[in-house]
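Peer 1: take a look and give me a structure for this.
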Amino acid sequence: MTDTTSSAETLGFQTEVKQLLHLMIHSLYSNKEIFLRELVSNASDACDKLRFEAIDQPQLLQGDAELRIRVEYDKDARTVTISDNGIGLSRDEAIANLGTIARSGTKEFFSQLTGDKQKDAQLIGQFGVGFYSSFIVADKVSVHSLRAGLSPDQGILWESDGQGEFSIAASEKADRGTTVTLHLREGEDDFLSGWKLREVLRRYSDHISLPIEMRKEEWDSEKSEQVKKDEWETVNQANALWTRSKSEIDDEQYKEFYKHIAHDFEDPLAWTHNRVEGRSEYTQLLYIPKRAPFDLWDRDGKRGVKLYVKRVFIMDDAEQLLPSYLRFVRGVIDSADLPLNVSREILQESRDVRAIREGSTKRILSLLEDLAENRKDDYAVFWEQFGQVLKEGVGEDFGNREKLAKLFRFASTQGDSSAQTVSFDDYIGRMKEGQDKIYYVTAESYAAASNSPHLEIFRKKGIEVLLLSDRVDEWMLSHLHEVEGKSLVSIAKGGLDLDALADEEEKKHQEEVSESFKPVVERLKTALGEKVKDVRVTLRLVDSPACVVVDENELSPHLLRMLQAAGQKAPEVKPILEVNPEHPLLARVQKASDEDFGEWAAVLLDQALLAEGARLDEPAAFVKRLNKLLLAD
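Peer 2: Presented below is the predicted three-dimensional model:
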């Protein structure tokens, strides 16, 4: 290569890159072979992008239409070189792609690092390191590149030792594409072997649809070593893995292909591979990751699967091919019907895309059903990572609402931990005789839900209650009102009807107590005035003196607090105070003087609000009032 007169410019890595390089070199060193897989994957992506751009600009391929990747080594220079004739990099692209981590979730990623090499290696692998994996085995990396469509004198040379800075200079390059040269560290001689490089390429990159070439070698008996020839040979199968028959692909190949397309270091949890024929013809190879990506909740995060048309790469992150609640799915969809110049706008309107979306959604839900039924431990891993996202589906996908509901898992009063393992089928199978509703309670946390005073009568009667504490639960419940003909009922809302589960003696006792306590209820209503919507006797409490509820069609206190915390304008909902006439504290309230009765009424309301997780408007007044009553007598 011939350098131009332009001098090199030295720039600093983004702070996060410095941190990542240091952690990666020390944490991933036990799995250093991955550098070759990552660089070959990048080269493959570069060729895919060129092929896509060439649909509209065929001149970009002129003179070199056969796309390929080449891997070489030089024992004397101690270098390994990976080159491609793909899209290449301009100067600005090199700075942006090789000097920064341009992805969401970066801060969250670094906040989770612990200093434990084994745990950090898992996190780093999940985050994905791509090009930076070069520095696991190299103490200097050079990238020589020319963007397709630019003149040879617009080539660039990027170099760094991975210590905090990199240089970039103009450097003439005759042909488009990128050449990455690794100057190996001492002790990395294993990679200066054609046999070793071929073995790694076949293990990690056999699925790459482009030919990966290395120079042929033959044994030289005089030198007692392999000697390279001028001829190139393809070392991988060089056909798209998803186009092969399932019987030809083993689990390891499926796993390595997932790592290639998802840039994930961990194996996938499950996958499904199918060819669909009929009105729309397409092949799908879809994966469920083992861990949630850092940008799962980022609205601007990239999501979706790779779209190919007749094996030609069209776009990454084709979010139109799956609904938003399946945004964690990774994979490839290859259509035989879509046009090669399809755009994101066309995808939104296409009838073929709707068919692909519906078919792929059903395929993923069937895969999850199989996991839930036959691989319960794996499904528990899935639910922990992606359960909250899946719950979004009941509001987005009416047609699959029943399937989704069967996949949901919750904590409940039947368990002794916060683990979400109870399905609706489990709950319905354990319902008491005469019970025709599914009961639940929502709260900010599992601890708050499991200690709610509303649970007291249910525990006494042995009735199971689902404990919901995910932020998405309230939204989910606004779209899911019944399951298998059984209504979902909040135990924190008024009008709770447990008569079907009470015997005649209990019903008679309830009526007598309610009648005798009417005067106290009226006094409480007067004392509390506009602070409450109503005061009434309840038999839902056993150990607590009072609780607050809302009417059936009003927003729950938990949802109101969520809206307020998010800065949303929430409607004013006055609570209904329900009192337990058989609690000793109510006997004391009943005997209180007119002066103290109002104080007791306010304390009962504030205590009930605190038990619900609410914040008091005047906490100091509550403390003062409580102290006064405690010191009385």
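Peer 1: stretch 338-355: end-to-end distance?
Peer 2: End-to-end span of stretch 338-355 (Cα to Cα, to the nearest Å): 12 Å.
Peer 1: so for that stretch, what gets flagged as buried?
Peer 2: Buried positions in stretch 338-355, judged by neighbour count with 16 or more other Cβ atoms under 10 Å: 338, 342, 347, 350, 352-353, 355. Placement of C-beta: from N, CA and C, glycine included.
Peer 1: who does S142 bridge with?
Peer 2: Bridge pairing for S142 (DSSP bridges) gives the partners E159, T181.
Peer 1: these two touch, right, it and I156?
Peer 2: No - the pair S142 and I156 fails to qualify as a contact (Cβ atoms under 8 Å) at a distance of 10.9 Å.
Peer 1: what's the helix or strand hosting I364 in contact with?
Peer 2: Following DSSP states H and E, the helix or strand that holds I364 is helix 351-374. In this structure, residues lying in contact with helix 351-374 by Cβ atoms under 8 Å, 6 or more residues apart in numbering are 269-272, 274, 276, 279-280, 282, 284, 286, 288, 320-323, 326, 329, 333, 335, 337-338, 347, 378-379, 382, 390, 397, 400, 403-404, 406-407, 423.
Peer 1: leaving out sequence neighbours, find the closest residue to S193.
Peer 2: In space, and not counting its chain neighbours, S193 is closest to Y73: 7.3 Å by Cβ to Cβ, 6 or more residues apart in numbering.
Peer 1: if we can go back for a sec, look at S142 and I156 and report which has more neighbours.
Peer 2: I156 (26 against 19; other Cβ atoms under 10 Å).
Peer 1: correct me, but that one touches I95?
Peer 2: No - with contacts counted by Cβ under 8 Å, I156 stays clear of I95, the gap being 9.2 Å.
Peer 1: and for those two, which residues touch both?
Peer 2: With Cβ under 8 Å, 6+ apart as the test, I156 and I95 both reach I168.
Peer 1: quick revisit: which parts of the helix holding I364 are buried?
Peer 2: By neighbour count, and taking 16+ other Cβ under 10 Å as the criterion, the buried residues in helix 351-374 are 352-353, 355-357, 359-361, 363-365, 367-368, 371-372.
Peer 1: the helix or strand following it: how far from the chain's middle?
Peer 2: Toward the C-terminus, helix 351-374 is succeeded by helix 376-391 as the next helix or strand (DSSP H and E). Taking Cα atoms, centre = their mean, to the nearest Å, the mean C-alpha location of helix 376-391 is offset from the chain mean by 10 Å.
Peer 1: output the contacting helices and strands for helix 376-391.
Peer 2: Using 3 or more Cβ pairs under 8 Å, 6 or more residues apart in numbering; DSSP states H and E, the elements in contact with helix 376-391 are helix 351-374, helix 401-407, helix 473-477.
Peer 1: JSON lines for these, including distance to A240 and mean pLDDT?
Peer 2: Rendered in JSON lines, the data for those read as follows (distance: least, Cβ to Cβ, whole Å; pLDDT from 0 to 100):
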{"stretch": "helix 351-374", "distance to A240": "17", "mean pLDDT": "94"}
{"stretch": "helix 401-407", "distance to A240": "30", "mean pLDDT": "95"}
{"stretch": "helix 473-477", "distance to A240": "38", "mean pLDDT": "90"}
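Peer 1: would you mind giving those helices as a markdown table with distance to K437 added?
Peer 2: Formatted as a markdown table, the helices and strands packed on helix 376-391 follow (distance: least, Cβ to Cβ, whole Å):
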| stretch | distance to K437 |
| --- | --- |
| helix 351-374 | 24 |
| helix 401-407 | 15 |
| helix 473-477 | 13 |
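Peer 1: what mean pLDDT does stretch 409-427 have?
Peer 2: Rounded to a whole number, the mean pLDDT of stretch 409-427 is 92.
Peer 1: per-domain residue ranges of this structure.
Peer 2: Structural domains of the chain, as assigned by automatic domain parsing, span the residue ranges 2-237, 242-380, 420-491, 508-631.
Peer 1: in the chain, where is pLDDT below threshold?
Peer 2: Within the chain, the stretches falling below the threshold (pLDDT under 70) are 1-6, 14-20, 22-30, 99-129, 299-300, 494-503, 553-571, 633.
Peer 1: chain center to stretch 434-454: distance?
Peer 2: Distance of stretch 434-454 from its chain centroid, counting by Cα atoms, centre = their mean, is 27 Å.
Peer 1: please identify the buried residues of that stretch?
Peer 2: For stretch 434-454, the buried set under the neighbour-count rule, 16+ other Cβ under 10 Å, comprises 435, 437-443, 446, 448-450, 452-454.
Peer 1: what of stretch 169-182?
Peer 2: For stretch 169-182, by 16+ other Cβ under 10 Å, it's 169-173, 176-182.
Peer 1: swap in stretch 380-394?
Peer 2: The neighbour-count check on stretch 380-394 (16+ other Cβ under 10 Å) flags 380, 382-383, 385-394 as buried.
Peer 1: hmm, back to that, and W195, which of the helices and strands packed on helix 376-391 is closest to it?
Peer 2: Evaluated with Cβ to Cβ, the helices and strands packed on helix 376-391 place helix 351-374 nearest to W195, the distance being 38.6 Å.
Peer 1: what about R37, which SS state?
Peer 2: R37 carries the three-state label helix when classified by DSSP: H, G, I helix; E, B strand; the rest coil.
Peer 1: check the offset of the helix or strand where I457 lies from the chain's centre.
Peer 2: Following DSSP H and E, the helix or strand that holds I457 is helix 456-461. Average the C-alpha atoms of helix 456-461, do the same for its chain, and the two points are 37 Å apart (Cα atoms, centre = their mean).
Peer 1: ok, E33 touching V200?
Peer 2: Yes - taking contacts as Cβ under 8 Å, E33 lies within contact range of V200: 5.1 Å.
Peer 1: reformat the buried residues of stretch 169-182 into TSV and put distance to K196 and secondary structure next to each item.
Peer 2: Converted to TSV, the buried residues of stretch 169-182 look like this (distance: Cβ to Cβ, whole Å; DSSP: H, G, I helix; E, B strand; the rest coil):
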residue	distance to K196	secondary structure
A169	32	strand
A170	35	strand
S171	30	strand
E172	33	strand
K173	29	coil
R176	30	coil
G177	25	strand
T178	23	strand
T179	21	strand
V180	18	strand
T181	18	strand
L182	14	strand
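Peer 1: could you single out the nearest of those residues to K216?
Peer 2: K216 has its nearest neighbour among the buried residues of stretch 169-182 in T179, at 20.4 Å by Cβ to Cβ.
Peer 1: ok, that closest one - contacts?
Peer 2: Residues in contact with T179 (Cβ under 8 Å, 6+ apart) are 81-83, 143-145.
Peer 1: are any of the residues you listed buried, and which?
Peer 2: Under a neighbour-count criterion of 16+ other Cβ under 10 Å, the subset of those counted as buried comprises 81-83, 143-145.
Peer 1: show residues contacting stretch 450-468.
Peer 2: Residues outside stretch 450-468 that contact it (Cβ under 8 Å, 6+ apart): 410-414, 418, 422, 427, 430-432, 435, 438-443, 446, 449, 477, 491-492, 498, 501, 539-544, 547, 549, 608, 611-612.
Peer 1: mind running it again at 6 Å?
Peer 2: Residues lying outside stretch 450-468 but in contact with it, judged by Cβ atoms under 6 Å, 6 or more residues apart in numbering, are 410-414, 430, 432, 439-442, 449, 491-492, 501, 540-544, 547, 611.
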